[in-house]
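In: Fold the following.
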Amino acid sequence: MTHATDSTDFATLALPEALARNLDSLGYHTMTPVQAASLPPALSGRDVRGQGKTGSGKTAAFGLALLARLDVARFRVQTLVLCPTRELADQVAEEIRRLARQMHNVKVLTLCGGAPIGPQLHSLEHGAHIVVGTPGRVEQHLRKGSLSLEHLTMFVLDEADRMLDMGFEDALDAIIDDMPRTRQTLLFSATFDAAITPLADRLLTNPAIIEVESTHSRESIEQHIYALDGLSRFEALVQVLLHYRPSNCVVFCNTRAETQKLAEDLAHDGFSAKALHGDLDQRERDQTLIQFANDSVSILVATDVAARGLDIDALEAVINYQLASDLDVHTHRIGRTGRAGGKGVACTLISDRERMRLLELSERLGQELEPEPLPQPDALSTPFPAPMATLELDAGKKQKIRPGDLVGALTNAEYGHALDADQLGKIKVTARASFIAVQRRALKQALKQLQSAPLKGRRVRARTLS
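Out: The predicted model follows:
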């Protein structure tokens with residue numbers, strides 16, 4: 001079993017010069033435990049079986065390994081990275097592009113379900129070095145003959161446990177059968193239980209086994225168990241929200257129906273809340289995640305599967321509307337806060353009937369978890385709006401739009417309603433649309449500015465995402 005190496009400096013790794021130079025420019029100097037343990041064997045060509053949770057730095061670990069092995073001159077698909085959800089695949093592809101930005105002309109392509117297949121077929125005709133995708137859509141392209149894995153040298157399976165949970169086993173089998181046997185495989189999973197061991201055994205040859213402690217500690221996460229004390233769950237949740245007033249927070253529910261109703265009830269009471277669950281179509285999911293990431297929505301009410309791949313480093317709070325049905329899931333939920341060296345709070349609401357399961361959880365964690373009275377918010381405390389709002393524009397990468405074009409249009413003083421740059425927030429440009437966060441109080445001004453100011457020489461339609 002491999003644990004972290006003594007040296008955690010990226011400079012000690014045998015990386016190609018362009019990768020090392022880019023890491024330095026990104027401010028990546030010290031490896032996380034999972035990176036220090038997995039990168040040396042991965043760079044030497046060994047298979048790796050890594051146990052790493054969200055936020056442990058595993059994306060950069062396998063991203064550096066696959067880029068170091070890439071032969072850019074050979075314009076063939078050399079690496080396949082499979083992820084359980086489109087959101088995670090998008091994040092992984094973005095991180096690989098960031099790591100590769102000083103390498104010459106590396107083409108990374110995402111192939112995910114929930115997106116139209118036509119543009120993907122067009123992109124595949126033009127070729128790629130690295131494909132990042134979800135199992136169902138990748139298998140579909142293999143069946144169509146639009147994707148070939150003939151030249152594959154590396155295969156990465158990210159969050160393998162969740163893929164099995166989501167029923168992707170048949171798709172995985174079909175994809176694996178289509179790969180060359182002589183390849184390097186890196187498999188990462190939050191857990192290694194009886195379900196995943198056969199898959200790992202089938203895929204890996206003499207792997208380096210990486211197990212590192214989670215990057216979260218009791219010091220970084222302040223955990224509270226709140227007894228309902230005769231209140232309804234909704235009333236108790238409102239008290240917790242008004243007491244902590246987190247700038248961003250995920251509330252976990254156990255069912256899709258409960259998730260939707262709770263988000264609607266919170267919004268009705270004046271909170272900035274939206275639901276994230278499997279019954280939403282892909283456009284709704286994408287827009288909700290964009291709004292949450294750019295501070296236009298403060299509270300995301302989510303199921304566990306829908307929130308998988310959600311990667312917000314500075315998440316202030318996690319609230320369990322009730323204990324998770326699987327106690328391992330509880331640990332994964334609370335591990336989403338207190339990351340990247342920050343502090344976070346994790347609150348769980350429990351009824352009297354859940355106390356026995358709380359005892360089981362306490363034993364599992366080796367930590368005393370005692371129910372405490374609900375916090376009492378200030379008497380004048382009221383629901384809080386998100387600080388930003390999101391504008392959607394009907395132009396994107398297909399129209400050659402870049403983030404700088406949006407900033408230029410909104411801050412151009414010629415058109416009478418210019419905003420200051422510090423009134424603008426995060427920008428996301430997709431294939432056919434662009435999203436920009438603006439301070440909520442400047443929303444009307446921003447819409448007036450966009451009615452007058454051209455974007456890349458043309459007028460665009462803008463609307464506020466609700």
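In: Checking Ala379 next. Helix, strand or coil?
Out: At Ala379 the chain is in coil, as set by DSSP: H, G, I helix; E, B strand; the rest coil.
In: Distance-wise, check it relative to Arg364.
Out: 38 Å (C-beta to C-beta, to the nearest Å). In short, each C-beta sits where N, CA and C put it, glycine included.
In: Which one's more surrounded, those two?
Out: Between Ala379 and Arg364, Arg364 has the larger neighbour count (other C-beta atoms under 10 Å), namely 13 against 5.
In: Helix or strand: which one has that one?
Out: helix 355-365 (DSSP states H and E).
In: Name the residues of that helix that are buried.
Out: By 16 or more other C-beta atoms under 10 Å, the buried positions in helix 355-365 come out as Arg357, Leu358, Leu361.
In: what's the answer for stretch 364-374, then?
Out: Quick answer for stretch 364-374 (16+ other C-beta under 10 Å): Leu369, Pro371, Leu374.
In: can you give me the helices for the stretch 301-450 of the chain?
Out: 304-307, 327-334, 355-365, 403-411, 443-452 (DSSP state H, counting those that start in this stretch).
In: name the helices or strands packed onto the helix holding Arg364?
Out: Counting contacts by 3 or more C-beta pairs under 8 Å, 6 or more residues apart in numbering; DSSP states H and E, the secondary-structure elements packed against helix 355-365 are helix 327-334.
In: One more pass at 10 Å, please.
Out: strand 221-227, helix 327-334, strand 344-350 (3 or more C-beta pairs under 10 Å, 6 or more residues apart in numbering; DSSP states H and E).
In: A helix includes Ser247, no?
Out: No - when classified by three-state DSSP, Ser247 is found to be coil rather than part of a helix.
In: how much space between it and Lys274?
Out: Taken as C-beta to C-beta, the span from Ser247 to Lys274 is 15 Å.
In: Between these two, point out the one with more neighbours.
Out: Neighbours per residue (other C-beta under 10 Å) separate Ser247 from Lys274, with Lys274 holding more: 26 against 13.
In: And the more buried one, which helix or strand is it part of?
Out: Element membership for Lys274, per DSSP H and E: strand 273-276.
In: show me where pLDDT drops low in the stretch 351-466 of the chain?
Out: Under the criterion pLDDT under 70, no range of the stretch 351-466 of the chain is flagged.
In: scratch that, the chain is what I was asking about
Out: Using pLDDT under 70, the flagged stretches of the chain are 1-7, 52-56, 213-220, 306, 308-314, 327, 335-343.
In: Looking at the helices of the stretch 301-450 of the chain, which is nearest to Leu419?
Out: Among the helices of the stretch 301-450 of the chain, the nearest to Leu419 by C-beta to C-beta is helix 403-411 (5.0 Å).
In: Mind listing what's buried along that closest one?
Out: Across helix 403-411, burial judged by 16+ other C-beta under 10 Å covers Asp405, Leu406, Ala409, Leu410, Thr411.
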